[in-house]
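J.: Following is a predicted model, sequence given first.
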Amino acid sequence: MKTLSLYIHIPFCNKKKCDYCNFVSFVDKQALMQKYVDALIEEIKMRGKKEGKNYKISSIFFGGGTPSVLGVGMITNIMIALKQNFRFLRNVEITVECNPETATEEKLREYKLAGINRMSFGVQTLNDKILKLIGRQHTAKQAKEAVELAKDVGFQNISVDMMLGLPGQKIGDVKKIVRFLVRQKVNHVSAYSLILEPGTVMYDKVKVGALKVPSEDETVEMYNTVYDLLSRAGLKRYEVSNFSMLDYECKHNQNYWKLGEYLAFGVGGHSYMNDTRFANTEDFDKYINSIENDTFPIVSVEKLSLNMRREESIMLGLRTREGINIEDFDNEYGGHILKDKKQEIEFLSSRGFISLRNGHIKVSENAYYVLNSIIMKLI
Ligand SMILES: C[S@@+](CC[C@H](N)C(=O)[O-])C[C@H]1O[C@@H](n2cnc3c(N)ncnc32)[C@H](O)[C@@H]1O
Ligand code: SF4
């Protein structure tokens, strides 16, 4: 039976949006949470009727926005709807994204009881000045306490998001958070370099010179520091921005990178099934109205051609430690990549940028800084 990942978008954030963020989330719609959860449950039922029997669920991800701002019991009710409408694999991975200031013991215990088996905390940095400067709603102390609380409640699979290239950030700040994560034996870390997104407060401030961010070289140095410290602690890089202890790789993200099928519920959710991408509306009211009228809130549909999937597969595969499985790739897309890209592959491997081992094309550990050029050569 085919497997499927599910993504549940929770588009609410606490008080104020972070200055760098352009994810679909609202800070003025808290009063509509129950209405939204009701709509989500309805969408799950509608999809379950259509697809529930054809798949087994391998991973579920509650992302945001900030799923942990939902009232007590809401995640449980969504989980009940999921269980009633889909069949789960026995080792299904179920993650909730959680912001430190909203992590109460009551909520974490609720998640555990509801079957959540992976917590992902957005910590970003443990420097209070920077946290304030980028508009976060928590302190370093709250972030540390949230991770400790999750361990006390019994979560064994804990991930932390951190950011690199933040205004005012120095190598020392990066070392501080990584050392904390290592001490806490956190088993998964996502380290994202800041992207200045047009339309965000931070983008505007940097543009007019009111705020300065570290140079690209400084950010690369931060990334290398993360890589070194985490590798030494046994957390291996398995994708450009993701590090984990053995067997704690995020199954949900691995499915995205393998171009596996996934269904997204909620405002702005993006799905991929039967070689087709489709997206839900980002308009909150339109989403609710559409579900209330028993209609899927889809606003765009795109069928991917074989060539588009092929290119995507190269792009995503090369970002991962596993690389591109040559046999699977040739079977899926036809042709012979080793012959079709003979010259390029010889050029890249003779310079040590890629290696061909165990039937895989992989980017060399020290060549990630030219990843985009490698990808461009092979697609
Ligand atoms: C979708 S956000 C939601 C998680 C949660 N609300 C939080 O803020 O911790 C997931 C992660 O994306 C990263 N992120 C968000 N905006 C970013 C940006 N502009 N550049 C780089 N990383 C970003 C942050 O590390 C964040 O933890
Ligand atoms: S809490 Fe997370 S989703 Fe919300 S604004 Fe901040 S980064 Fe974006």
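T.: Now that the structure is in, tell me what you want to look at. Numbering: from 1, shown residues only. Ligands and ions are numbered 1, 2, ... in the order given.
J.: do you know how far residue 133 is from residue 18?
T.: Distance from residue 133 to residue 18, counting by C-beta to C-beta, to the nearest Å: 11 Å. Quick note: C-beta positions are derived from backbone N, CA and C, even for glycine.
J.: cool, and residue 100?
T.: According to C-beta to C-beta, residue 100 stands 13 Å off from residue 18.
J.: Just the pLDDT for residue 36.
T.: If you check residue 36, the pLDDT there is 98.
J.: hang on, it packs against residue 9?
T.: No. Checked against C-beta atoms under 8 Å, the pair residue 36 and residue 9 is beyond contact range at 9.8 Å.
J.: quick one: common contacting residues for these two?
T.: 266-267 (C-beta atoms under 8 Å, 6 or more residues apart in numbering).
J.: circling back: name the residue in residue 100 and residue 18 with the higher neighbour count.
T.: Set residue 100 next to residue 18 and count neighbours by other C-beta atoms under 10 Å: residue 100 wins out with 25 against 22.
J.: got a list of what the more buried one touches?
T.: 121-123, 138, 142-143, 145-146.
J.: List buried residues within those residues.
T.: 121-123, 138, 142-143, 146 (16 or more other C-beta atoms under 10 Å).
J.: Near ligand 2, list only the ones from the residues you listed.
T.: With C-beta under 6 Å from any ligand atom as the criterion, these include residue 122 near ligand 2.
J.: hang on, the earlier thing: and the contacts of residue 100, which two are furthest apart?
T.: 122 and 145 (14.3 Å; C-beta to C-beta).
J.: what about the chain, any weak spots by pLDDT?
T.: For the chain, no stretch has pLDDT under 70.
J.: The residue in the stretch 201-350 of the chain positioned nearest to ligand 1 is in what secondary structure piece?
T.: Closest residue of the stretch 201-350 of the chain to ligand 1, C-beta to the nearest ligand atom: residue 202 (7.7 Å). Residue 202 belongs to helix 201-207 when assigned by DSSP states H and E.
J.: The stretch 51-200 of the chain against ligand 1: which residues are in contact?
T.: So the stretch 51-200 of the chain meets ligand 1 at 63-64, 66, 97, 99, 122, 124, 161, 163, 192, 194-195, 197 (C-beta under 6 Å from any ligand atom).
J.: Tabulate the residues you listed (TSV), appending secondary structure.
T.: Formatted as TSV, these follow (DSSP: H, G, I helix; E, B strand; the rest coil):
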residue	secondary structure
63	strand
64	strand
66	coil
97	strand
99	coil
122	strand
124	strand
161	strand
163	strand
192	strand
194	coil
195	coil
197	coil
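J.: Could you turn the buried ones of those residues into a ChimeraX selection?
T.: When burial is assessed using 16+ other C-beta under 10 Å, the buried subset of those is captured in ChimeraX by this command:
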select :63,64,66,97,99,122,124,161,163,194
